[in-house]
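Q: show me how the following folds:
(one chain, ligands or ions: 1)
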Amino acid sequence: MIGVFDSGHGGLTVYRALADRFPGIGFVYLGDHANAPYGNRPSEEVVDLTRAGVETLFGAGARLVLLGCNTATCVAARTLQQDWLPKSGWEARNVLGIVAPTVEAATQTPWAVSAPQYPQKYNTDVIAVFGTTRTITSFVYPEEIRKRCPRATVVQQICADLAGAIEAARPESELEALVKRGVDGLLAQTGGQPPHRAILGCTHYPLVEHLFRRHLPSFTRLLSQPEIVADSFEDYLSRRPHYAAPTGRATGPRLLTTGDPVKVTVAGRVFWPGVPDFASAA
Ligand code: DGL
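A: Below is the predicted model:
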């Protein structure tokens with residue numbers, strides 16, 4: 001069984017892409033709704049909450065957990081993978097983040113290749129990253145992109161209120177104003193030069209991809225994470241098929257929350273009209 005973790009509902013965009021792509025694999029989702037959103041929290045809190053979420057998913061039977069949340073990945077993935085997991089007592093388990101496949105797609109370079117190579121070495125594209133405060137201030141995306149494409153210009157833009165407004169199902173006009181504010185802020189940084197590629201670096205943004213599309217020119221390639229992650233997972237599981245092996249448990253949708261399951265299920269319909277019922281993670 002494979003776990004997908006997010007601070008709240010946004011990771012459902014990733015969960016759905018994976019469940020659709022791999023119908024034979026059991027997935028379990030955990031949304032930490034009791035503590036969402038993570039985007040403006042101090043880093044130490046994000047690390048502690050993410051570790052607790054991973055442990056809940058391991059306890060539920062997951063052997064591999066994908067942090068479907070950009071904030072959790074940028075702030076906590078390395079600490080959990082390198083410092084916590086080896087000493088945690090959880091054996092034969094792994095934690096993956098959502099940044100690696102996104103950077104691979106943005107740079108057209110495998111994650112394992114962390115030094116610039118032809119032709120990416122000479123790539124002078126402008127690459128935009130839109131995300132939460134904590135994702136952007138972690139500088140993980142620009143650092144990882146520049147390792148592979150040192151001549152690319154990476155421009156980051158915080159969309160501070162956008163994830164919350166999507167989560168709250170605010171009207172389309174309000175969401176569009178927030179997207180436009182983000183795009184305008186980005187263009188103010190580039191002197192009006194639109195990006196060649198734009199990373200929608202927050203789990204919620206695929207739900208307003210059409211609004212980003214509306215405010216960016218057609219030559220800007222939007223990198224939307226659910227598909228990118230599903231592609232990358234296909235490659236990962238082909239090399240580590242034991243994570244996809246049947247566990248004997250039912251493979252139907254399994255959604256857990258640290259919040260109130262009834263309220264969370266109702267709110268989840270914003271993201272997924274036919275969302276199955278959440279159950280309590282406690
Ligand atoms: N899931 C978060 C992310 O992808 C957005 C919501 C939050 O701030 O917790 O960054």
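Q: for this protein, name the helix or strand with the lowest mean pLDDT.
A: Using mean pLDDT, DSSP states H and E, the weakest-scoring helix or strand in the chain turns out to be helix 162-167, at a mean of 90.
Q: now the element after that helix, going C-ward?
A: helix 172-190 (DSSP states H and E).
Q: how about that next one: buried residues?
A: For helix 172-190, the neighbour count (16 or more other CB atoms under 10 Å) marks 175-179, 181-183, 186-187 as buried. Bear in mind the C-beta positions are built from the backbone N, C-alpha and C, glycine included.
Q: in the protein, what residue lies closest to the ligand?
A: With CB to the nearest ligand atom as the measure, G39 is the residue of the chain nearest to the ligand, at 2.7 Å.
Q: residues contacting that residue?
A: 7, 71, 132-135, 160, 163-164, 202 (CB atoms under 8 Å, 6 or more residues apart in numbering).
Q: pipe those residues into JSON lines and attach distance to the ligand per row.
A: Formatted as JSON lines, the contacts of G39 follow (distance: CB to the nearest ligand atom, whole Å):
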{"residue": "S7", "distance to the ligand": "3"}
{"residue": "T71", "distance to the ligand": "4"}
{"residue": "T132", "distance to the ligand": "5"}
{"residue": "T133", "distance to the ligand": "8"}
{"residue": "R134", "distance to the ligand": "7"}
{"residue": "T135", "distance to the ligand": "5"}
{"residue": "A160", "distance to the ligand": "10"}
{"residue": "A163", "distance to the ligand": "4"}
{"residue": "G164", "distance to the ligand": "7"}
{"residue": "C202", "distance to the ligand": "4"}
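Q: now, which of those residues lie within helices?
A: 71, 133-135, 163-164 (DSSP state H).
Q: still on that earlier bit, name the nearest residue to the residue of the chain closest to the ligand, ignoring sequence neighbours.
A: T132 (3.0 Å; CB to CB, 6 or more residues apart in numbering).
Q: who's in contact with that neighbour?
A: Here T132 is in contact with 37-40, 70-71, 158-160, 163, 202 (criterion: CB under 8 Å, 6+ apart).
Q: redo that, cut-off 6 Å
A: Shown in contact with T132 (CB atoms under 6 Å, 6 or more residues apart in numbering): 39, 71, 202.
Q: cool, and S43?
A: Going by CB under 6 Å, 6+ apart, S43 touches V75.
Q: just the one 3 residues further on next, same as before
A: Taking CB under 6 Å, 6+ apart as the contact definition, V46 lies against 38, 75-76.
Q: which one of the buried residues of helix 172-190 is nearest P142?
A: Distance to P142 across those (CB to CB) is lowest for L186, with 13.4 Å.
Q: got a pLDDT number for the closest one?
A: If you check L186, the pLDDT there is 98.
Q: can you pull out the strands in this protein?
A: Using DSSP state E, the strands found in the chain span residues 2-6, 27-31, 64-67, 94-97, 126-131, 153-158, 197-200, 221-223, 254-257, 278-280.
Q: neighbours of E143, how many?
A: 11 (other CB atoms under 10 Å).
Q: write out the residues of the stretch 101-250 of the chain neighbouring the ligand.
A: 132, 135, 163, 202-204 (CB under 6 Å from any ligand atom).
Q: how does it look with 8 Å?
A: With CB under 8 Å from any ligand atom as the criterion, the stretch 101-250 of the chain comes near the ligand at residues 131-132, 134-135, 163-164, 167, 201-204.
Q: residue ranges in the stretch 151-282 of the chain under the pLDDT threshold?
A: Applying pLDDT under 70 to the stretch 151-282 of the chain picks out residues 246-252.
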